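Peer 1: Got a sequence here, can you model it:
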Amino acid sequence: MKMAKILSALLIISMIFTGCTSQKKVADNSQTETDGGNTAKKVLVGTEGTYNPFTYKDENGQLTGYDIDVVKEIDKRIDDIDFEFLPTPWDSMFLGLESKKYDMIADQISKDSEREKKYSFSNNSYFISAAHIIVKKDNNKTINGLDDLKGLKVG
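Peer 2: The predicted structure is shown next:
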């Protein structure tokens, strides 16, 4: 069961890798030499490094987290690609992708209609976030869904 989850996550991240780049040419076509003497394509990965548990720096200042670990695992399994992480502020994450500063993003990116016009995403996500309405139980006689919040102050 655990192996199936890991393989599913790798598949999803690899789909993100192939799809989360801009529709244009990739950022850097540079090559690096692998241990066996073969050349490997360097893939630059934009990530915040501040969004625990997905991408953050550990006590030694090293990037870690779920997204980082998945990309590192892909790096281990694909000999002709080397991934290099570039810490990037969130507000310039997509600009860096569009300007070809890096080839992909690993930062728990959610889909929306505007992003889907510019970037490719995998069909499946490893993370699902759902909004919830929380009200005091003893005070609630009328709020059962989003429509019941119309005209009310919400905070």
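Peer 1: what's in contact with stretch 79-94?
Peer 2: With contacts defined as Cβ atoms under 8 Å, 6 or more residues apart in numbering, stretch 79-94 is touched by 32, 34, 36, 38-51, 63, 68, 71-72, 74-75, 96, 101-102, 105-107, 109, 115, 118. Placement of C-beta: from N, CA and C, glycine included.
Peer 1: any idea which strand is longest in this structure?
Peer 2: With residue count as the measure and DSSP state E as the assignment, the chain has strand 39-47 as its longest strand.
Peer 1: Render the CA-only coordinates of that strand in PDB, please.
Peer 2: Backbone C-alpha positions of strand 39-47 (Å, rounded to 0.1, in the frame of the first residue of the first chain) are rendered in PDB as follows:
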ATOM      1  CA  THR A  39      25.700  14.100 -20.100                       C
ATOM      2  CA  ALA A  40      22.500  15.000 -18.200                       C
ATOM      3  CA  LYS A  41      20.100  17.800 -18.900                       C
ATOM      4  CA  LYS A  42      19.900  20.300 -16.000                       C
ATOM      5  CA  VAL A  43      16.400  21.100 -15.000                       C
ATOM      6  CA  LEU A  44      15.900  24.200 -12.900                       C
ATOM      7  CA  VAL A  45      13.100  24.000 -10.300                       C
ATOM      8  CA  GLY A  46      11.600  27.100  -8.700                       C
ATOM      9  CA  THR A  47      10.400  26.600  -5.200                       C
END
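Peer 1: So what's the gap between the following helix or strand past that strand and the chain middle?
Peer 2: As assigned by DSSP states H and E, the chain's next helix or strand after strand 39-47 is strand 50-51. Mean C-alpha position of strand 50-51 versus that of the full chain (Cα atoms, centre = their mean, to the nearest Å) differs by 11 Å.
Peer 1: Paired strands for strand 50-51, with orientation please.
Peer 2: With DSSP bridges as the test, strand 50-51 is paired with strand 55-57 (antiparallel).
Peer 1: Show me what the next helix or strand after the partner strand is packed against.
Peer 2: Using DSSP H and E, the helix or strand that follows strand 55-57 in sequence is strand 63-64. Identification of packing neighbours for strand 63-64 by 3 or more Cβ pairs under 8 Å, 6 or more residues apart in numbering; DSSP states H and E yields strand 55-57.
Peer 1: any idea of the mean pLDDT for the strand it packs on?
Peer 2: Averaged across strand 55-57, pLDDT comes to 95.
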